[in-house]
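[1] Sequence and computational prediction follow.
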Amino acid sequence: MGDSTGSTKHLVEIDDVSKNFGANQVLRGVSLSVDRGEAVVIAGPSGSGKSTLLRCINALETIDSGEIRFEGRSVSAAGKDVYGLRAEMGMVFQQFNLFPHKTVLENVTLGPVEVKGIDRSQAVSKAEELLARVGISEKASASPADLSGGQQQRVAIARALAMEPKLMLFDEPTSALDPEMIREVLDVMRDLARDGMTMIVVTHEMGFAREVCDRLVFIDEGVIVEEGPPDEFFTAAKSERARDFVDKILHH
Amino acid sequence: MGDYWNVLRNNFPEIASGFLMTCRIVAVAFLIAMGVGIFVGALRAAPSKMLNRIGLVYVEFFRNIPLLVLIYIVFYGVNQADIVSLDRFVAGALCLGLYTAAYIAEAVRSGVFTVGRGQMDAALSLGLTQREALQKVVLPQAVRTVIPPIGSLIIAMTKNSAILGGALGVNDILHRTRQIYNDNFKFAETFLWATLAYLILTVSVTIIVRKLETRLAIRR
């Protein structure tokens, strides 16, 4: 699991990371590395620390010990450089978190214009391209409130992609969606993975994990219990806890 | 009824100029109150403890002194110190604005907290700094949710502006009306027009606030 420190051969290196919320220890010595082009699913029961781990990678949460590196650069000790690091990672949230006071198009251009200082007209044409890619070009001037949940989440993906990230973090991207909209979001994510985007996805969508992901990481109680190819995990999990988990999600 | 009309007819230029003066006071104080209030409100909502404290000191200071005392301190105090000489209008409008800003800051702060954590997360995840995220994402939404409470504060401020006429003798609605009354000794006939003049202002503010509310409403 843990890899040689200081090496930049992995895109993301999580090295013995622990994180507490008060007396509650959410992550206990988690180590994990993700290579360029890899799609990794993090699964586990709710409260296992998987979302927290994801949020630590782009420093939306601070960590208490250990280190997280992105392309060999420390995220946890980045100081003001953290903004630049975050700009290189996209994140998609469970609740979409589109900016409700801006149009769909403005949601997508905000990052490039404000953070990268890209010319507005150039940002707009890039945004239109991305909206077409996620299949909602016709809603560019709409307000997020006029979109269905699935459409909002696809806009959120376009917003993150507009920054041309080297890594995409997905935090339960389909958990707040009605069943009929889950597919459209997963399709976009699958295409992204096929195009070679490095992705870390926290999800309960095990069909997606099996079909799209290279590796599945199972977390329980703040510890990585096991990791491996998704198929192996579903058919021949090594640990009792993982077998329990698989049993629950496959037969409920 | 004739008496009422006569008072208005005979003193219309004075009443009108008082009305315009009150408008000027309110306009200047409004700009100060909004500018300072939003800034201090942002300090109050900032993630830094130090900035919070600075904001808190401002709010507690201006909220806990009577406006009248503040005006006396600034106008007489500053002029007595003889460093700069402050115009009555400038001193009064400044105090009124700074005083109201403390309340606006608190309204803005509570507005910021109604904007969910997820909005800040999303802005930060794009690479915006805390400050840019506040400026571009959180505050624009917060301001919209605080338009109704800020509207009430501006109405209160409009009424409070009479202190400038009362205490500093700025030629506003109240001061002009009092001068007219001192000449004609017709209390009701004179002060009716002051009442109406203030009502015109406060009702206008109410209408503007309502308009803004519907125009800027964020559909969710």
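    Received, thanks.
[2] Give me the nearest residue to the closest residue to chain B within the stretch 51-200 of chain A, chain neighbours excluded.
    Distances between the stretch 51-200 of chain A and chain B by C-beta to the nearest C-beta are smallest at residue A:87, namely 2.7 Å. (Glycine included, C-beta is placed from N, CA and C.) Counting by C-beta to C-beta, 6 or more residues apart in numbering or on different chains, residue A:87 lies nearest to residue B:127, which is 2.7 Å off, once chain neighbours are set aside.
[3] what residues are up against the one you found?
    A:83, A:84, A:86, A:87, A:88, A:111, A:115, A:116, A:163 (C-beta atoms under 8 Å, 6 or more residues apart in numbering or on different chains).
[4] Now do the same for whatever residue of chain B ends up closest to chain A: helix, strand or coil?
    Per C-beta to the nearest C-beta, residue B:127 is where chain B lies closest to chain A, at 2.7 Å. Following DSSP: H, G, I helix; E, B strand; the rest coil, residue B:127 is assigned to coil.
[5] Same check on residue A:116?
    coil.
[6] Can you report how many residues neighbour the residue nearest to residue A:90 when sequence neighbours are not counted?
    Leaving aside its sequence neighbours, residue A:90 sits nearest to residue A:160 (C-beta to C-beta, 6+ apart; 3.0 Å). Around residue A:160 there are 24 other residues, counting by other C-beta atoms under 10 Å in any protein chain shown.
[7] any bit of stretch B:40-51 sitting next to chain A?
    No. Using C-beta under 8 Å from any C-beta of the partner chain, stretch B:40-51 never reaches chain A; the gap is at least 11.8 Å.
[8] and the end-to-end length of that stretch?
    9 Å (C-alpha to C-alpha, to the nearest Å).
[9] ok, residues contacting that stretch?
    Here stretch B:40-51 has contacts from B:52, B:54-56, B:58-59, B:101-102, B:104-109, B:111-113, B:130, B:134, B:138-139, B:142, using C-beta under 8 Å, 6+ apart.
[10] Now do the residue of the stretch 51-200 of chain A closest to chain B: how many residues are near it, please.
    Using other C-beta under 10 Å as the criterion, the residues surrounding residue A:87 number 20.
[11] before we move on, what about residue A:193?
    Neighbours around residue A:193, by other C-beta under 10 Å: 21.
[12] Need the pLDDT of it.
    In this model, residue A:193 is scored at 96, pLDDT.
[13] any idea how far it is from residue A:91?
    16 Å (C-beta to C-beta, to the nearest Å).
[14] Also residue B:153?
    Residue B:153 is 37 Å from residue A:91, where distance means C-beta to C-beta.
[15] Those two - which one has more neighbours?
    Neighbours around residue B:153 and residue A:91, counted as other C-beta under 10 Å, are more numerous at residue A:91. The numbers are 28 against 22.
[16] interface residues of the stretch 151-252 of chain A facing chain B?
    A:156, A:159, A:160, A:163, A:169.
[17] The last one: what secondary structure?
    Secondary structure, three-state DSSP: residue A:169 is strand.
[18] List the contacts of it.
    A:54, A:57, A:58, A:89, A:90, A:91, A:92, A:199, A:200, B:125.
[19] how about the first one, secondary structure?
    When you say that, I think you mean residue A:54. Three-state assignment for residue A:54 (three-state DSSP): helix.
[20] wait, isn't it in contact with residue A:202?
    Yes. Between residue A:54 and residue A:202 a contact is recorded at 5.3 Å, counting by C-beta atoms under 8 Å.
[21] Much appreciated, bye for now.
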